[in-house]
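Asker: what's the 3D shape of this:
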Amino acid sequence: MALWGNEKQTTRQSISGTLALQTTGTEAGTEPQNLQLTGAQFIAAFLEHKGVKQIYGIPGAAILPFYDAILERDLASFNVRHEQTAIFMADGYSRATGLVGVCAATSGPGATNLLTGLYSAYGDAVPLLALTGQVPTSLLGRDAFQEAPIVEMARPVTKAAYLVQHAEDLPRIMSEAWELATTGRKGPVLLDLPLDVQKGVLEISSDELASSQDRSASHQAESANLLREIISLAPQGTPAQDWSGAFATVLALLSEAKAPALLVGGGVVHGNASSELRELAELLLIPVVATLMGKDAFPNDHPLYAGLMGTMCQTPLGNKTILESDLIINLGGRFDGRGTGNVRLFKEGRKIIHINLDEQELDRHAPTELSLALDVKFFIKELYSRLQAARYTPNRQAQERIAALQKQRMKLARRTKFNTLPLKPQQAIVEAREALMRDAILTLDCGISQIWATQLFEAYVPRSFLITGRAGTMGWGLGAALGAQLAYPERQVVNLLGDASLGMSLQELATAAKHNIPVVVIVLNNSLFGLIRQQQNLLYDRRWISTELDYENRVQNHDRGLDFVATARGMGVEAELVDQPGQLQEALSRAFSTRRPYLIEVIVDPLAQCSVSIDGSLSGVLEFE
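Answerer: Reported below is the predicted structural model:
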């Protein structure tokens, strides 16, 4: 039985109830050795072999064999206060690094608490493994204590969900799960592990391991093709194919266009293609507009960066550039509804080229002249090479257009300086950006604070602007920040969110304090569900119901309701209050100097509203100050 394909590895052999380290493979003249591992020990060894260093979760009875196996491996365990934060941490770790995040939970409610995180990761193509404990196989389907059909629940929001019923199936399933999570359109995979499977013993001979390292190329190719058929999300085509006709069409459309634009999505970040994107944009000398998930794919202070496109998360220059374009080359984006607005109006008068690894996204929302299911990095590099071979040089019209772009950027910039109190959230966000390092990582929750941040906070480095896109999950950002900080201990990591969102993750300040994870939380407190209040104002004739969060706090002697500073301090997290312009930068300096988790509560204007489209079109954005 093969363990991990053709890679060398180390494992452990069961001797008198203890584990002794053994190396696989056989030397000449030696006898094959039988290696014995429990299912849980195998999973831990597999993860260690794959380079996993951290596990996020809560150990319950049904997942305890796995947690016990971690002790034998170079795997750090970080316990949290709620399982959803464990998967948010795995998600944030993965988004920040591009690697696979791993979380674990017990059966029943522990497993179901991962569902929102699976949904968030699946929507944004984030590779992670979720391990859940399960009742013994003999009790499946009998309504045992804390039995939940998590596999059936998780299938719509995962690339795959497995109920492992035999320990000897683990080598195959773990390898397949890892392959699914990390290839094609990446995403989360769930493994449901009954107690008896975790405790069951696998016996594997070292010569079987050795032979598995020498599998023929044809067998590997056969397995790879079968896997692609299973997931139906693998790249439709490889660099070995002849793409001359497709690229000839791209070059022809470019030559015909008078105002082309590159529209960049999250696929550029996922595909580690940011440097190639920059080279292509500079060669073409055309504007780069970002989708929400592609905001950190291109430096936001680059002369070619035109801003963000969308009906909510947008900039005036970004929408203007798209609306004035006659050719859009979408690189790794989706054309989702909050991005394009009214699709008929969006398509009118312009041609579209769409490049996305996921064939299911092509022509799904907006009709195109050319759509290719390709790895975006391959496409960009190939297009760049063909342009160079053709000795492409930008014409005077392109140069004049980029010069005009710089003037428009200044003219259309939104106001961020105010002399009024309470502090405007727009000003607080810009002050925060000015106080941070260029490669600082920002995580956001969903809500009005997210929209302001996408509009005003500049991102310069790939994988530094972490956001839950398709799902829009409140409570996500703090867990994601914890995972990102553990991935990059020396970098600044900030979770910027509203008070409503922090109310959904507040308990995890204790997780930050316990493990001394030095994230900084900036909570913009307007004592509201701010975005929903704005919709009540604009769409429901100011008929307010259940969007206010303030109340008289007699203990703290104010009427803001929840006191975030006092609560954070009660959990062992240093905290301070900011309510004046210019204070935030000094507060951030103090926060980072502690190298401890830190919370900054910023009192912001509850009347402030973000600029959004009223009619659902890119041209219908209503500007507020």
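
Asker: Tally up the residues packed near V268, please.
Answerer: Neighbour count of V268, defined by other CB atoms under 10 Å: 29. Just so you know, the C-beta spots here come from the backbone N, C-alpha and C atoms, and that holds for glycine as well.

Asker: Just give the number of residues close to the closest residue to it other than its chain neighbours.
Answerer: Nearest non-adjacent residue to V268, counting by CB to CB, 6 or more residues apart in numbering: A297, 4.0 Å away. A297 sits with 30 neighbouring residues when counted by other CB under 10 Å.

Asker: One more: L444?
Answerer: L444 has 27 neighbours, counted by other CB under 10 Å.

Asker: before we move on, what about I402?
Answerer: Neighbour count for I402, taken as other CB under 10 Å: 15.

Asker: gap between it and S175?
Answerer: Look at I402 and S175: by CB to CB, to the nearest Å, they are 49 Å apart.

Asker: Over to E576?
Answerer: 49 Å.

Asker: was I right about E552 contacting D559?
Answerer: Yes: E552 lies in contact with D559 (CB atoms under 8 Å); the separation is 5.1 Å.

Asker: quick one: pLDDT of the closest residue to G200 other than its chain neighbours?
Answerer: With CB to CB, 6+ apart as the criterion, G200 has its nearest non-adjacent residue at 3.2 Å, and that residue is A167. Here, the pLDDT recorded for A167 equals 96.

Asker: How about the one 3 residues further on?
Answerer: In the prediction, the pLDDT value recorded for L170 is 95.

Asker: So what's the residue count around it?
Answerer: So L170, with other CB under 10 Å, has 27 neighbours.

Asker: That one and Y162 touch, don't they?
Answerer: No: counting by CB under 8 Å, L170 does not reach Y162; the two are 9.9 Å apart.

Asker: Surely I353 is in a helix?
Answerer: No: using DSSP: H, G, I helix; E, B strand; the rest coil, the assignment for I353 is strand, not a helix.

Asker: about what we covered before: from G318, how far off is the residue nearest to G200?
Answerer: A167 sits 53 Å away from G318, going by CB to CB.

Asker: More neighbours: these two, which one.
Answerer: Legend: neighbour count by other CB under 10 Å for A167 and G318, higher for G318 (26 against 23).

Asker: Apart from its chain neighbours, what residue comes closest to the more buried one?
Answerer: Using CB to CB, 6+ apart, the closest residue to G318 is G307 (3.1 Å).

Asker: One more: Y67?
Answerer: Nearest to Y67 is P59, by CB to CB, 6+ apart, at 4.2 Å.

Asker: Which secondary structure state is assigned to that neighbour?
Answerer: Following three-state DSSP, P59 is assigned to coil.

Asker: do the same with L170
Answerer: Secondary structure, three-state DSSP: L170 is helix.

Asker: one step back: quick one: contacts for the residue nearest to G200?
Answerer: A167 sits next to 38-39, 42, 197-198, 200-202 when contact means CB atoms under 8 Å, 6 or more residues apart in numbering.

Asker: Kindly provide the distance from the residue nearest to V268 to A481.
Answerer: Using CB to CB, A297 is found at 20 Å from A481.

Asker: next one: R338
Answerer: Applying CB to CB to R338 and A481 gives a distance of 23 Å.

Asker: Likewise for E382?
Answerer: Distance from E382 to A481, by CB to CB: 37 Å.

Asker: ditto for I451
Answerer: 19 Å.

Asker: And the two? Which one has more around it.
Answerer: More crowded of I451 and A481, by other CB under 10 Å: A481, with 32 against 23.

Asker: show me what contacts the residue sitting nearest the centre point of the chain?
Answerer: For the chain, the residue sitting closest to the mean C-alpha position, by CA atoms, centre = their mean, is R95 at 4.2 Å. Counting by CB under 8 Å, 6+ apart, R95 makes contact with 124, 126, 463, 466, 480, 484.

Asker: which SS state does it fall under?
Answerer: Classified using three-state DSSP, R95 is helix.

Asker: And the pLDDT for it?
Answerer: pLDDT, read off for R95, is 98.

Asker: host element of L538?
Answerer: For L538, the host element (DSSP states H and E) is helix 530-539.

Asker: and if you look at P606?
Answerer: P606 belongs to no helix or strand, assigned by DSSP H and E.

Asker: Phi and psi next, for it.
Answerer: The phi/psi pair for P606 (degrees, to the nearest 10) reads phi -70, psi -10.

Asker: I'd say it and F529 touch.
Answerer: No: P606 is beyond contact range of F529, at 11.0 Å (criterion: CB under 8 Å).

Asker: Between the two, which is the more surrounded one?
Answerer: Counted by other CB under 10 Å, P606 and F529 do not tie: F529 has more neighbours, with 22 against 16.

Asker: Now do Y384 against E369, distance only.
Answerer: Using CB to CB, Y384 is found at 21 Å from E369.

Asker: which of the two has more neighbours?
Answerer: Y384 (19 against 14).

Asker: The stretch 51-200 of the chain: helices as residue ranges?
Answerer: Assigned by DSSP state H, counting those that start in this stretch, the stretch 51-200 of the chain shows helices spanning 64-70, 83-97, 109-112, 115-123, 150-154, 170-182, 195-199.
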